[in-house]
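A.B. asks: structural data only, the sequence is not supplied:
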């Protein structure tokens with residue numbers, strides 16, 4: 001089961017980072033303008049963020065094992081379509097289909113941990129899964145570069161077969177979970193409103209960076225997203241059953257975990273994206289050295305994931321999560337003094353510190369979120385949690401563009417990291433609200449609580 005969730009979870013970050021290095025070749029081969037490169041990235045990010053709560057809810061109703069298998073099969077077909085795409089529009093459509101399929105598989109893989117693994121071992125399993133996901137994100141760019149150089153960009157999509165086929169075989173061999181929820185119709189109106197709200201809000205935060213998009217478009221999308229979100233909130237309080245139980249956000253442990261992962265992801269991805277921009281643009285480093293530098297952050301994250309999960313199982317999620325977030329905030333604070341005279345040694349220390357902090361906080365926070373939900377709603381909980389993670393990435397991407405603009409001077413980078421210290425401190429503050437110990441199964445006590 002852990003292997004299935006790990007492989008399914010690794011597809012999303014692997015495919016969000018592998019393609020970045022191949023974008024110039026994709027655009028050149030398909031004779032597409034530069035603006036389409038942004039849409040190849042944005043379409044995937046938006047669909048992945050928007051679909052996960054709905055994917056998790058479908059798993060709660062129709063069976064998580066079944067939805068993991070369907071999501072993996074859909075990802076395989078979408079990857080094959082992307083590999084043979086004749087136009088850039090077809091690539092974007094296939095990438096969006098990949099994200100939708102991944103958004104079905106990923107939260108249900110995490111939900112299976114909540115339902116099939118004993119309470120006292122869930123932190124360790126989620127730590128292992130987090131290690132695999134971190135490795136996929138870290139090694140995506142160099143792997144994508146190697147594949148593109150050796151075989152061409154289309155093989156980036158074909159390489160997914162190596163991950164998907166064993167994951168699909170393992171998913172089909174998982175034990176059955178018991179009868180899924182049935183007897184009441186699926187909340188189609190709620191699902192549509194939720195999807196409309198999340199898609200438009202995510203687009204509003206990203207499309208303003210895409211060339212040739214009208215200046216008024218982000219504001220119009222934001223207004224539509226807020227309106228449909230308000231309608232969804234009103235509808236979900238009365239629907240029986242709702243497509244997404246908003247009562248999750250009224251539980252202190254779940255809300256604390258969601259806010260912690262959102263601000264932690266904002267911190268991690270800003271460092272992960274801004275430091276390469278600094279060393280390449282200001283210090284003039286070649287790409288190979290940039291990749292090796294980032295290993296100083298990614299390797300501690302991967303190595304500490306299982307240990308952090310063990311700490312969460314033994315001592316509860318609050319202690320390792322709070323300690324990790326505080327350490328990450330210290331690492332970001334060190335980056336506020338970044339300068340044009342910094343050497344490799346100057347950069348290594350804060351990156352290692354941030355990596356250690358993120359490695360310690362990730363699995364405990366994930367554990368707290370899933371344990372705050374009953375088994376019957378584990379898919380919804382995993383999907384909403386993952387969406388909050390992606391919201392952190394979206395805000396990070398928009399924030400980098402807003403602060404650095406088309407330049408990227410030393411004062412601008414310093415301002416970016418000063419602002420980022422605030423996000424890291426908020427993550428530490430919210431992690432202090434996580435449970436001090438393991439949370440017993442809420443299934444009997446909670447039922448289908450409402451907001």
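C.D. replies: Yep, it's here. These figures come from a predicted structure and were not determined experimentally.

A.B. asks: for the host helix or strand of residue 265, list every residue counted as buried.
C.D. replies: Taking DSSP states H and E as the definition, one finds residue 265 inside helix 252-281. Buried residues in helix 252-281, counted by 16 or more other CB atoms under 10 Å: 253-272, 274-276, 278-279. Backbone N, C-alpha and C define where each C-beta goes, glycine included.

A.B. asks: what's the closest non-adjacent residue to residue 167?
C.D. replies: Closest residue to residue 167 apart from its sequence neighbours, by CB to CB, 6 or more residues apart in numbering: residue 7 at 3.6 Å.

A.B. asks: packing partners of the strand or helix carrying that neighbour?
C.D. replies: Assigned by DSSP H and E, residue 7 falls within helix 2-18. The contact analysis (3 or more CB pairs under 8 Å, 6 or more residues apart in numbering; DSSP states H and E) places helix 2-18 against helix 35-62, helix 64-83, helix 88-116, helix 122-151, helix 161-172.

A.B. asks: and the third one, how far from the chain's centre?
C.D. replies: It refers to helix 88-116. How far helix 88-116 lies from its chain's middle: 11 Å, per CA atoms, centre = their mean, to the nearest Å.

A.B. asks: what do you get for the second one?
C.D. replies: Centroid separation between helix 64-83 and its chain, computed with CA atoms, centre = their mean, is 18 Å.

A.B. asks: what's the angle from it to helix 161-172?
C.D. replies: Interaxial angle, helix 64-83 versus helix 161-172 (axes from the mean of the first three to the mean of the last three CA atoms, to 10 degrees): 160 degrees.

A.B. asks: give the rounded mean pLDDT of helix 64-83.
C.D. replies: Mean pLDDT, computed over helix 64-83, is 92.

A.B. asks: surely residue 175 and residue 117 touch.
C.D. replies: No: using CB atoms under 8 Å, residue 175 is not in contact with residue 117, being 11.8 Å away.

A.B. asks: show me which of the two is the more surrounded one.
C.D. replies: residue 117 (18 against 9; other CB atoms under 10 Å).

A.B. asks: let me know the pLDDT of the nearest residue to the more buried one once chain neighbours are set aside.
C.D. replies: Excluding the flanking residues, the one nearest residue 117 by CB to CB, 6+ apart is residue 125, at 5.2 Å. Here, the pLDDT recorded for residue 125 equals 83.

A.B. asks: residue 125 against residue 4, yeah?
C.D. replies: No: look at residue 125 against residue 4 with CB under 8 Å: they stay out of range, at 11.2 Å.

A.B. asks: ok, back up a step: residues of the helix holding residue 7 that come out buried?
C.D. replies: 2, 4-18.

A.B. asks: and the helix or strand encompassing residue 225, what does it pack against?
C.D. replies: Assessed by DSSP H and E, residue 225 sits inside helix 217-236. Helices and strands touching helix 217-236, by 3+ CB pairs under 8 Å, 6+ apart, are helix 188-206.

A.B. asks: what sits up against the helix it packs on?
C.D. replies: Here helix 188-206 makes contact (CB atoms under 8 Å, 6 or more residues apart in numbering) with 42, 45-47, 49-51, 53-54, 57, 218-219, 221-222, 224-226, 228-229, 231-232, 235-236, 239, 242-244, 387, 390-391, 394-395, 397-398.

A.B. asks: what mean pLDDT does that helix get?
C.D. replies: For helix 188-206, mean pLDDT is 83.

A.B. asks: and for stretch 301-308?
C.D. replies: 87.
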